[in-house]
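**Q** predicted model and sequence follow; I will ask about them next.
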Amino acid sequence: MLGGICELSLEARDVAALERFYTEAFGLRVLAREDDRVWLAVGPATRLGLWTPGAKEFNDRGGRHVHFALSADGDTLERVRERLTRMGAVLGGPVRHSGGDRSLYVEDPEGNVVEVWDFFVDGRGRSAGVAALADDSGGDADDRARPGDARAA
């Protein structure tokens with residue numbers, strides 16, 4: 001029924017710092033800068049909004065979330081880990097889940113937990129995660145680590 005997430009917006013006290021983090025850590029490209037927000041491209045069909053606090057259209061309001069995940073193939077996951085390490089970021093992972101997929105976890109400058117996960121792409125351009133969702137073999141909450149978690153290896 002749905003084709004995926006097309007947009008995710010995060011509230012940022014310092015939009016410029018958050019923009020720097022996402023462009024440097026993950027290589028995201030700036031799509032647009034507006035008075036109260038910046039839009040970044042995340043793959044071919046998704047954008048990440050970095051918004052200043054305050055009232056927005058459609059009764060939007062800021063708030064905390066648990067975490068969100070960015071999709072990456074296995075080779076990219078390693079390059080992201082190396083880039084984040086060079087930036088001095090505290091990482092959780094890579095964590096290998098029960099389905100064989102792996103994740104990294106990092107907090108952005110605003111404290112949002114970002115997961116980089118090779119669940120949906122297996123490194124050969126094939127979707128690995130959709131089948132795992134159907135049979136529940138894609139890992140579970142018990143094998144997830146957060147930044148600084150001792151299970152991260």
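**A** Great, that's in hand. Residues are numbered from 1 along each chain as shown.
**Q** show me where pLDDT drops low in the protein?
**A** 2, 64, 120-153 (pLDDT under 70).
**Q** and the helices in it?
**A** 15-26, 74-86, 129-135 (DSSP state H).
**Q** mind listing what's buried along the longest one?
**A** Along helix 74-86, these residues count as buried under the neighbour rule (16 or more other C-beta atoms under 10 Å): 76-78, 80-81, 84. To be clear about C-beta, it is placed using only N, CA and C from the backbone, and glycine gets the same treatment.
**Q** need those residues in a markdown table with distance to residue 17, can you?
**A** Shown next, in a markdown table, are those (distance: C-beta to C-beta, whole Å):
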| residue | distance to residue 17 |
| --- | --- |
| 76 | 24 |
| 77 | 24 |
| 78 | 26 |
| 80 | 19 |
| 81 | 22 |
| 84 | 16 |
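**Q** just flag the most distant two among those.
**A** The largest separation in these, counting by C-beta to C-beta, is between 76 and 84 at 12.2 Å.
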